[in-house]
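Q: need the 3D shape of this:
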Amino acid sequence: MANSSEVYVVDDDEAIRRSLAFLLRTAGITSHTYESAEAFLAEARGLPPGCVITDVRMPGVDGIELVRRLGEEKLPLATIVMTGHGDIALAVEAMKAGAVDFIEKPFKDEVMLSAVQKALVAEGGAAQDDGAKQAYQQAFATLSRREREVLELVVAGKTSKVVAYDLGISPRTVEVYRAGMMMKTGAKSLSELVSMALLAGI
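A: Reported below is the predicted structural model:
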């Protein structure tokens, strides 16, 4: 799939653009880089199907607005957003806007490549959404009441510290609940957990 799809890297940081282009090239994936969302959007309609990797925070049109605009245009471009640790709420907002994944920086090469491979097949996955929704709903039905409360706050974009404050528990306890939720649902990362929850209607 990677050989027939393009990856578009949108980031105002030149070092990030070069690093990602090199990583993708070594994996045999064709990529194109853009220094701003505006530059990418100017060409987006005429581009082949593929995957967009963008930072959440950029001057001008940010990553969330880019995701929204691509969704409005209904272009065959799945989006991955990169986020700093303090931007989880923004990343969740981006996923609600249509991004297929978010990755916290700094990230390992294999994490990014795995996300790209998943995004490149995301277009063909729409027909599977109904089946996945039912499977995820069944998985989340196994959560305890407290796990469900934690999940809903996480999906709302709140950090572990804020979730802990809201529920009157320690941040460490929140992490324990989160680990339990990931084990029960089979989610391998926070982004996958949030994605599953959104698809399940939580």
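Q: who's in contact with the residue lying closest to Ala44 once chain neighbours are set aside?
A: Spatial nearest neighbour of Ala44, excluding adjacent residues (Cβ to Cβ, 6 or more residues apart in numbering): Leu75 at 5.9 Å. Just so you know, the C-beta spots here come from the backbone N, C-alpha and C atoms, and that holds for glycine as well. Contact analysis of Leu75 by Cβ atoms under 8 Å, 6 or more residues apart in numbering lists 44-45, 47.
Q: ok, Ser195 next?
A: Ser195 neighbours (Cβ under 8 Å, 6+ apart): 95, 100-101.
Q: what's the distance between Ala39 and Gly60?
A: Remark: distance between Ala39 and Gly60 (Cβ to Cβ, to the nearest Å) = 10 Å.
Q: filter the contacts of Leu75 to the buried ones?
A: Applying 16 or more other Cβ atoms under 10 Å to the contacts of Leu75, the neighbour count classes Ala44 as buried.
Q: which of the contacts of Leu75 fall within strands?
A: The strands, defined by DSSP state E, take in nothing from the contacts of Leu75.
Q: quick check, nearest of the contacts of Leu75 to Ala141?
A: For the contacts of Leu75, the minimum distance to Ala141 (Cβ to Cβ) is 39.3 Å, reached by Ala44.
Q: so what pLDDT did the closest one get?
A: Looking at Ala44, its pLDDT is 93.
Q: check Tyr34 too.
A: 97.
Q: okay, and the beta partners of it?
A: Val10 (DSSP bridges).
Q: state the distance from it to Pro48.
A: On the measure of Cβ to Cβ, Tyr34 and Pro48 end up 15 Å apart.
Q: please apply the same query to Ala89.
A: Taking Cβ to Cβ, one finds Ala89 at 33 Å from Pro48.
Q: also Glu14?
A: Note on Glu14: its distance to Pro48, by Cβ to Cβ, is 24 Å.
Q: same deal with Glu73?
A: Going from Glu73 to Pro48 by Cβ to Cβ gives 15 Å.
Q: tell me the pLDDT of the most centrally placed residue in the chain.
A: Residue closest to the average C-alpha location in the chain (Cα atoms, centre = their mean): Asp101, at 1.8 Å. Asp101 is assigned 86 on the pLDDT scale.
Q: that one reaches Lys118, doesn't it?
A: Yes: using Cβ atoms under 8 Å, Asp101 is in contact with Lys118, at 6.6 Å.
Q: more neighbours: which of Ala39 and Gly60?
A: For the pair Ala39 and Gly60, the greater number of neighbours falls to Ala39 (14 against 11), based on other Cβ atoms under 10 Å.
Q: how about the contacts made by Val194?
A: 92, 95, 102, 154-155.
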